[in-house]
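J.: let me see the structure of the following:
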Amino acid sequence: MAQHHHAHPSEVPSGQRAAAALTHLGGMLFLFIPSAFVWFQTRRDPKDSWLAHQAKEALNFQLTVTALICVCAMLSWTLSPIGVRMVPLVIGFNWLFSIIAVFRSFRGDKHDYPFKFSFIR
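T.: Residues are numbered from 1 along each chain as shown. This next block holds a predicted model:
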(Lines give C-alpha, C1' and ligand atoms only; values in the text may rest on other atoms or scores of the structure.)
Protein backbone atom coordinates (compact mmCIF):
# COMPACT_ATOMS: atom_id res chain seq x y z
CA MET A 1 0.00 0.00 0.00
CA ALA A 2 1.45 3.32 -1.04
CA GLN A 3 1.77 5.87 1.71
CA HIS A 4 1.38 9.51 0.75
CA HIS A 5 2.87 11.87 3.29
CA HIS A 6 2.35 15.56 2.82
CA ALA A 7 5.61 17.43 2.38
CA HIS A 8 4.44 20.55 4.15
CA PRO A 9 1.74 21.15 6.79
CA SER A 10 -0.07 23.57 4.49
CA GLU A 11 -0.67 20.66 2.06
CA VAL A 12 -2.80 18.80 4.62
CA PRO A 13 -6.48 19.44 3.83
CA SER A 14 -8.27 21.46 6.50
CA GLY A 15 -10.88 18.70 6.95
CA GLN A 16 -8.16 16.21 7.84
CA ARG A 17 -6.51 18.68 10.22
CA ALA A 18 -9.82 19.30 12.00
CA ALA A 19 -10.63 15.57 12.15
CA ALA A 20 -7.19 14.80 13.60
CA ALA A 21 -7.53 17.57 16.19
CA LEU A 22 -10.96 16.23 17.22
CA THR A 23 -9.55 12.70 17.37
CA HIS A 24 -6.80 13.78 19.78
CA LEU A 25 -9.28 15.88 21.76
CA GLY A 26 -11.79 13.03 21.96
CA GLY A 27 -9.18 10.84 23.61
CA MET A 28 -9.14 13.15 26.61
CA LEU A 29 -12.70 12.13 27.46
CA PHE A 30 -13.30 8.80 25.73
CA LEU A 31 -9.76 7.33 25.71
CA PHE A 32 -9.19 5.09 22.66
CA ILE A 33 -12.75 5.04 21.21
CA PRO A 34 -12.52 8.13 18.90
CA SER A 35 -9.07 7.26 17.58
CA ALA A 36 -10.04 3.62 16.95
CA PHE A 37 -13.08 4.75 14.97
CA VAL A 38 -11.11 7.24 12.84
CA TRP A 39 -8.23 4.83 12.28
CA PHE A 40 -10.56 2.02 11.14
CA GLN A 41 -12.23 4.44 8.72
CA THR A 42 -9.02 5.86 7.21
CA ARG A 43 -6.32 3.19 7.47
CA ARG A 44 -6.70 1.85 3.91
CA ASP A 45 -7.36 5.08 2.04
CA PRO A 46 -4.14 6.62 0.63
CA LYS A 47 -5.68 10.10 0.38
CA ASP A 48 -6.25 9.99 4.16
CA SER A 49 -2.79 8.69 5.06
CA TRP A 50 -1.93 11.75 7.16
CA LEU A 51 -5.18 11.48 9.12
CA ALA A 52 -4.73 7.70 9.47
CA HIS A 53 -1.25 8.27 10.90
CA GLN A 54 -2.59 10.79 13.40
CA ALA A 55 -5.42 8.44 14.40
CA LYS A 56 -2.97 5.55 14.83
CA GLU A 57 -0.69 7.70 16.99
CA ALA A 58 -3.66 8.76 19.12
CA LEU A 59 -4.90 5.16 19.31
CA ASN A 60 -1.54 3.83 20.51
CA PHE A 61 -1.22 6.65 23.04
CA GLN A 62 -4.75 6.23 24.36
CA LEU A 63 -4.33 2.44 24.61
CA THR A 64 -1.18 3.13 26.66
CA VAL A 65 -3.12 5.53 28.90
CA THR A 66 -5.94 3.00 29.27
CA ALA A 67 -3.42 0.33 30.28
CA LEU A 68 -1.89 2.71 32.85
CA ILE A 69 -5.33 3.47 34.28
CA CYS A 70 -5.97 -0.29 34.58
CA VAL A 71 -2.65 -0.69 36.41
CA CYS A 72 -3.65 2.17 38.73
CA ALA A 73 -7.01 0.49 39.37
CA MET A 74 -5.27 -2.79 40.24
CA LEU A 75 -2.84 -0.95 42.53
CA SER A 76 -5.75 0.86 44.16
CA TRP A 77 -7.36 -2.46 44.88
CA THR A 78 -4.22 -3.91 46.48
CA LEU A 79 -2.11 -0.94 47.61
CA SER A 80 -4.74 1.78 47.85
CA PRO A 81 -2.63 4.93 48.38
CA ILE A 82 -0.26 4.33 45.46
CA GLY A 83 -2.91 3.59 42.83
CA VAL A 84 -5.21 6.38 43.94
CA ARG A 85 -2.37 8.93 43.80
CA MET A 86 -1.27 7.79 40.35
CA VAL A 87 -4.66 8.25 38.65
CA PRO A 88 -4.53 12.08 38.57
CA LEU A 89 -0.97 11.90 37.23
CA VAL A 90 -2.01 9.59 34.40
CA ILE A 91 -5.01 11.76 33.55
CA GLY A 92 -2.86 14.91 33.63
CA PHE A 93 -0.27 13.19 31.44
CA ASN A 94 -3.04 12.26 28.99
CA TRP A 95 -4.50 15.76 28.87
CA LEU A 96 -1.14 17.51 28.50
CA PHE A 97 0.06 15.42 25.59
CA SER A 98 -3.39 15.31 23.97
CA ILE A 99 -3.66 19.12 24.01
CA ILE A 100 -0.21 19.39 22.42
CA ALA A 101 -1.34 16.92 19.75
CA VAL A 102 -4.57 18.89 19.13
CA PHE A 103 -2.67 22.10 18.38
CA ARG A 104 0.05 20.42 16.31
CA SER A 105 -2.39 18.43 14.19
CA PHE A 106 -4.68 21.44 13.71
CA ARG A 107 -1.66 23.26 12.23
CA GLY A 108 -1.05 20.28 9.94
CA ASP A 109 2.15 19.12 11.64
CA LYS A 110 2.82 15.41 11.85
CA HIS A 111 2.56 14.66 15.57
CA ASP A 112 4.18 11.67 17.24
CA TYR A 113 3.55 11.15 20.94
CA PRO A 114 6.83 11.07 22.88
CA PHE A 115 5.77 8.08 24.97
CA LYS A 116 3.49 5.24 23.91
CA PHE A 117 3.48 1.52 23.39
CA SER A 118 2.98 0.61 19.74
CA PHE A 119 0.02 -1.74 20.01
CA ILE A 120 -0.97 -0.94 16.39
CA ARG A 121 1.82 -0.82 13.83
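J.: pLDDT below threshold where in the chain?
T.: 1-10 (pLDDT under 70).
J.: can you pull out the helices in it?
T.: Residue ranges of the helices in the chain, as given by DSSP state H, are 14-30, 33-42, 49-78, 80-107.
J.: mind putting those in a markdown table, distance to F115 and mean neighbour count included?
T.: C-beta: built from backbone N, CA, C; applies to glycine. Below are these laid out as a markdown table (distance: least, C-beta to C-beta, whole Å; neighbours: other C-beta atoms under 10 Å):
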| stretch | distance to F115 | mean neighbour count |
| --- | --- | --- |
| helix 14-30 | 14 | 19 |
| helix 33-42 | 16 | 19 |
| helix 49-78 | 7 | 20 |
| helix 80-107 | 8 | 16 |
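J.: reformat these as JSON lines; add distance to R121.
T.: Shown next, in JSON lines, are the helices of the chain (distance: least, C-beta to C-beta, whole Å):
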{"stretch": "helix 14-30", "distance to R121": "18"}
{"stretch": "helix 33-42", "distance to R121": "12"}
{"stretch": "helix 49-78", "distance to R121": "8"}
{"stretch": "helix 80-107", "distance to R121": "19"}
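J.: out of those, the one nearest F117 is which?
T.: Using C-beta to C-beta as the measure, helix 49-78 is the one of these that comes nearest F117, at 4.9 Å.
J.: OK, contacts around the most centrally placed residue in the chain?
T.: In the chain, the residue lying closest to the centroid (C-alpha atoms, centre = their mean) is A58, at 1.6 Å. Going by C-beta atoms under 8 Å, 6 or more residues apart in numbering, A58 touches 20, 23-24, 27, 34-35, 38-39, 98, 101, 113.
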